[in-house]
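> Below: sequence and its predicted model.
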Amino acid sequence: MIRETLSNAQKEAMKAKDTARLSTVRLILAGIKDRDIANRGAGKEQASEDEIMQLLAKMIKQREESAKVYTDGGRPELAEKEREEITVIQGFMPEQLSDDKVREICAAVVAELGAQGLKDMGKCVAVLKERYAGQIDFAKASAILKDLLK
């Protein structure tokens with residue numbers, strides 16, 4: 001489904017001659033193709049929807065870091081380009097959950113798994129990634145889990 005959406009977005013961007021959106025969509029599709037090739041080498045199927053959502057989240061994080069570096073380096077025009085790409089990528093992701101909702105979900109997962117201490121953090125993160133790929137910032141979720149599992 002996401003592949004179809006991206007393919008249609010690429011066609012629409014070409015027709016509209018929206019070069020910024022087109023280049024970002026092409027980057028996303030290239031990333032997905034790379035993941036498919038890596039999966040094929042490992043004997044797996046093509047990238048799942050969850051893997052694609054994780055890829056999109058990673059792309060956003062990379063662009064946020066780049067925008068910060070550009071801003072700190074006195075290159076606001078490059079930082080703005082990165083932020084525009086973030087906006088395009090976010091358009092293909094599900095709605096991000098609020099911090100309060102993430103805390104609630106983390107607490108529910110800890111209770112469900114009966115997690116006790118930081119040794120169970122990996123299990124909790126795995127469940128969150130399985131259920132909420134693309135909807136949660138896992139850096140924030142990890143911090144919340146660490147706090148809950150002390």
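Received the coordinates, thanks.

> Could you give me the buried positions within stretch 128-146?
By neighbour count on 16 or more other Cβ atoms under 10 Å, the buried set for stretch 128-146 is Leu128, Lys129, Tyr132, Ala133, Gly134, Gln135, Ile136, Phe138, Ala141, Ser142, Ile144, Leu145. Yep, even glycine has a C-beta here, placed from its N, CA and C like the rest.

> what's that stretch in contact with?
Stretch 128-146 is contacted by residues 49-51, 53-54, 56-57, 93-97, 99, 102-103, 105-106, 109-110, 118, 121, 124-125 when judged by Cβ atoms under 8 Å, 6 or more residues apart in numbering.

> same question, stretch 99-118
By Cβ under 8 Å, 6+ apart, stretch 99-118 touches 97, 120-121, 123-124, 127-128, 132, 136-137, 140-141, 144-146, 148-150.

> domain ranges for the protein?
Per the record, the chain has its domains at 2-90, 99-148, by automatic domain parsing.

> Same list, these, but as CSV with mean pLDDT please.
Putting the domains of the chain into CSV (pLDDT from 0 to 100) gives the following:
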stretch, mean pLDDT
domain 2-90, 93
domain 99-148, 86
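
> list the contacts for the most centrally placed residue in the chain?
Centroid-nearest residue in the chain: Ala57, 1.3 Å away (criterion: Cα atoms, centre = their mean). Taking Cβ under 8 Å, 6+ apart, we find Ala57 in contact with Met93, Ala133, Gly134, Asp137, Phe138.
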